[in-house]
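Novice: Any chance you could fold what I've pasted below:
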Amino acid sequence: MWVPSLPIAVLTGACAGAGVLCIFKDMHSGPPFDRNVKAEGKTVIITGASSGIGQQTAWEFANRGAKVFMACRDMEKCEAVRRDIVLETNNKYVYCRPCDLASVASIREFVARYKTEEPHVHVLVNNAAEMEPPRGVTRDGFETQLGVNHLGHFLLTNLLLDTLKQSTPSRVVQVTCEVAQRGRLRRDDLNHSAQYDAHQAYCQSKLANLLFAKELGRRMLETNVAVIAVDPGFSDTDLTRHMSMSKSVTRFLIYPLFWPVMKRARSGAQSVLHAALEPRLADCKGDLYVDMKKATKLSEEAQDFDAALWLWKVSEKWTKLDEQKSASAKAHAA
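Specialist: Take a look at the predicted model:
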């Protein structure tokens with residue numbers, strides 16, 4: 001009777017174990033969003049669409065028939081991803097447009113160009129994010145995570161609000177994450193100028209996403225613009241690329257332990273699709289959904305309407321949106 005050598009037996013066992021882990025990973029990631037729900041006739045903008053959940057969200061929308069605008073900073077990377085999406089989905093209506101959320105000027109240029117090209121936006125997915133980069137500021141002097149994760153999306157959304165209202169029923173999907181529940185607004189040092197803590201700044205920026213969705217939802221109560229905050233869950237993406245060497249080494253050591261319970265990026269994208277396309281969420285005005293289920297437990301800070309209003313006013317001032325509104329009001333009065 002033939003008995004396999006020890007190396008072959010070990011290899012066979014390892015392959016079988018890996019297969020079991022992959023099956024477990026897929027099961028743990030949860031079911032996909034209803035494949036029968038299509039997106040024909042919808043125009044979608046997705047920030048940070050050249051990698052991770054944003055890339056998979058763009059692929060899914062294209063595969064369901066939507067016209068997709070990938071708003072990205074790196075055009076070379078975006079174009080490579082766009083070509084793959086077009087070939088794989090057979091949808092030629094996928095476009096790359098430059099939009100650097102770390103630059104107020106770039107955001108304004110993106111919106112100005114978009115409005116000359118497209119009359120509608122049915123879904124705006126605010127997905128792009130920075131996580132724990134070295135201390136730094138954006139071109140406009142905002143702490144990097146606050147600037148990209150919150151203020152950039154705040155300005156982008158507000159500049160597109162008129163188009164969103166003209167395209168109703170439409171939706172704004174704000175991607176956040178679990179750490180938002182641990183975030184605290186530093187009202188006396190929102191920009192982390194005095195003492196920078198990368199993790200606390202990240203948590204604050206993700207809390208800001210929730211508060212922005214809540215206040216935007218309140219302001220959209222009399223419209224057919226839905227606002228949904230989404231936590232895609234623990235997903236395997238390159239978001240941790242900026243983490244320090246010590247944290248990176250730790251991540252390298254513990255990554256294999258957590259890999260089985262981490263979602264694939266495409267699995268994480270299902271929560272975004274649910275928020276954008278699920279008919280039952282058409283009247284949502286700022287609620288948070290985690291793994292396609294409405295969150296019932298939020299931190300006190302995440303439910304603070306006064307904090308949400310305060311953050312909105314500060315964001316208007318810092319992005320100079322309030323000055324634009326004043327100028328528009330004067331022009332109409334004249």
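
Novice: in the protein, which ranges drop under the pLDDT threshold?
Specialist: Scanning the chain with the threshold set as pLDDT under 70 gives 1-29, 234-262, 325-334.

Novice: Find the centremost residue of it, please.
Specialist: The residue lying closest to the centre of the chain (Cα atoms, centre = their mean) is residue 127, at 1.7 Å.

Novice: Contact partners for that one?
Specialist: Residues near residue 127 by Cβ atoms under 8 Å, 6 or more residues apart in numbering: 46, 47, 48, 49, 53, 54, 57, 173, 175, 272. Yep, even glycine has a C-beta here, placed from its N, CA and C like the rest.

Novice: The last one: neighbouring residues, count only.
Specialist: One way to gauge burial is a neighbour count; for residue 272, by other Cβ atoms under 10 Å, it gives 27.

Novice: Contact partners for it?
Specialist: By Cβ under 8 Å, 6+ apart, the contact set of residue 272 is 53, 57, 125, 127, 173, 175, 230, 232.

Novice: What about residue 41, how many residues nearby?
Specialist: 10.

Novice: between the contacts of residue 127, which is nearest residue 108?
Specialist: The nearest member of those to residue 108, counting by Cβ to Cβ, is residue 47 at 14.6 Å.

Novice: where does the nearest residue to the closest one once chain neighbours are set aside fall, helix, sheet strand or coil?
Specialist: Spatially, and ignoring its direct neighbours in sequence, residue 47 is nearest to residue 128 (4.0 Å; Cβ to Cβ, 6 or more residues apart in numbering). Secondary structure for residue 128, judged by DSSP: H, G, I helix; E, B strand; the rest coil, is coil.

Novice: Next, give phi and psi for the residue nearest to the centre of the chain.
Specialist: Torsion angles at residue 127 (phi, psi; degrees, to the nearest 10) stand at phi -110, psi -30.

Novice: roughly how far apart are the residue nearest to residue 47 and residue 211?
Specialist: Going from residue 128 to residue 211 by Cβ to Cβ, to the nearest Å gives 18 Å.

Novice: Inside strands: which ones of the contacts of residue 272?
Specialist: Using DSSP state E, the subset of the contacts of residue 272 located in strands is 125, 173, 175, 230.
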